[in-house]
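Engineer: Got a sequence here, can you model it:
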Amino acid sequence: MSSSEIPAPVTRIDRRFAALKAENRPALITFITAGDPDPETSAAVIAALPQAGADVIEIGMPFTDPMADGPAIQASSQRALKAGQTLRRTLDIVAALRRRDNDVPVILMGYYNPIYSFGVDAFLKAAQAAGVDGLIVVDLPPEADDELCLPARAAGLSFIRLATPTTDDHRLPSVLANTSGFVYYVSILGITGTAAPDAGAVSRAVERIKAHTDLPVAVGFGVKTAEQAAAIGNFADGVVVGSAIVQALAGTLDAGGHATAESVDAVRRLVSDLAAGVRRARAA
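Structural biologist: Numbers count the residues shown, from 1 in each chain. Next up is the predicted model:
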């Protein structure tokens with residue numbers, strides 16, 4: 001399968017970024033792990049995200065060995081798996097969201113093993129039917145595009161690639177070759193949620209990536225506060241927040257790791273605050 005034979009898909013992701021560009025503001029992209037701490041609470045949290053100000057939703061596919069994720073997201077995966085979350089149930093959560101909201105872009109983020117076990121063709125058909133717009137699969141490099149990236153592209157799903165501080169100008173064209181939707185710039189070296197990004201360094205990196213592509217560039221890993229979101233949003237097309245949201249949810253759980261009456265509201269409050277920060281970006 002050749003990428004030249006497959007046109008880049010146009011999804012809700014593209015339409016949302018185009019609309020936000022017209023408004024001259026960045027997107028708030030929120031991450032939450034499907035099934036954390038249980039399927040019902042997770043579905044309620046995800047349903048609340050657009051109302052709280054999320055422009056794009058990333059939903060984590062729980063996995064036993066999430067090597068790119070920090071302690072907060074690792075723990076969320078373990079809670080979800082313990083509660084019986086499966087990839088099929090994750091797709092069910094997306095389908096339930098679609099019955100409420102047919103506009104918000106939805107991206108599934110995770111690792112290849114659960115998709116491979118599900119079956120690539122079966123997964124892509126099920127994801128498209130559920131209303132998924134794009135995929136971020138962190139352990140499939142460009143050299144493995146035939147595995148999932150190109151089949152996803154053919155199925156009308158964006159395949160969003162990560163660029164990092166170590167992605168130099170020699171490597172960047174390979175990273176960008178079959179990417180669609182947006183480019184996800186990882187603002188720090190290491191795992192999620194463990195350090196704060198240096199806005200100056202990230203700004204220079206975003207500028208360098210933009211010299212190679214017309215795709216929007218979103219920045220994630222380490223953004224936790226409305227102030228950080230506003231600072232990153234001054235030059236990035238999107239700001240991704242994950243660990244802080246997962247931690248806000250985890251902070252409401254009881255001693256047994258179960259949801260409480262505060263669980264959904266805690267996430268809603270944080271996302272509303274982050275959304276306000278993003279909307280302050282470029283205000284001057």
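Engineer: so how far is residue 206 from residue 117?
Structural biologist: 35 Å (Cβ to Cβ, to the nearest Å). Glycine gets a C-beta too; all of them are placed from N, C-alpha and C.
Engineer: same thing with residue 32?
Structural biologist: 25 Å.
Engineer: One more: residue 218?
Structural biologist: 9 Å.
Engineer: re earlier: more neighbours, residue 32 and residue 206?
Structural biologist: Set residue 32 next to residue 206 and count neighbours by other Cβ atoms under 10 Å: residue 32 wins out with 26 against 21.
Engineer: any low-confidence regions in the stretch 101-250 of the chain?
Structural biologist: For the stretch 101-250 of the chain, applying pLDDT under 70 flags the ranges 189-197.
Engineer: Helices of that one, start to end?
Structural biologist: For the stretch 101-250 of the chain, applying DSSP state H, counting those that start in this stretch gives helices covering 112-118, 120-130, 149-154, 172-176, 199-210, 226-233, 243-250.
Engineer: check contacts around the nearest residue to residue 233 once chain neighbours are set aside.
Structural biologist: Of all residues not flanking residue 233 in the chain, residue 281 sits nearest, at 3.0 Å (Cβ to Cβ, 6 or more residues apart in numbering). Residues in contact with residue 281 (Cβ atoms under 8 Å, 6 or more residues apart in numbering) are 25, 26, 229, 230, 231, 232, 233, 234, 239.
Engineer: one more time with 10 Å
Structural biologist: 24-26, 28, 229-236, 239 (Cβ atoms under 10 Å, 6 or more residues apart in numbering).
Engineer: Assess the claim that residue 60 and residue 33 are in contact.
Structural biologist: Yes: under the criterion of Cβ atoms under 10 Å, residue 60 makes contact with residue 33 at 4.0 Å.
Engineer: For the lengthiest helix in the chain, name the packing helices and strands.
Structural biologist: In the chain, assigned by DSSP state H, the helix with the most residues is helix 263-280. Packing partners of helix 263-280 (3 or more Cβ pairs under 10 Å, 6 or more residues apart in numbering; DSSP states H and E): strand 27-33, helix 39-52, helix 226-233, strand 238-241, helix 243-250.
Engineer: Apply 7 Å and report the result again.
Structural biologist: Applying 3 or more Cβ pairs under 7 Å, 6 or more residues apart in numbering; DSSP states H and E, one finds that helix 263-280 contacts strand 27-33, helix 39-52, helix 226-233, helix 243-250.
Engineer: coming back round to it: give the residues shared as contacts by residue 218 and residue 206.
Structural biologist: Shared contacts of residue 218 and residue 206, defined by Cβ atoms under 7 Å, 6 or more residues apart in numbering, are found at 185, 236.
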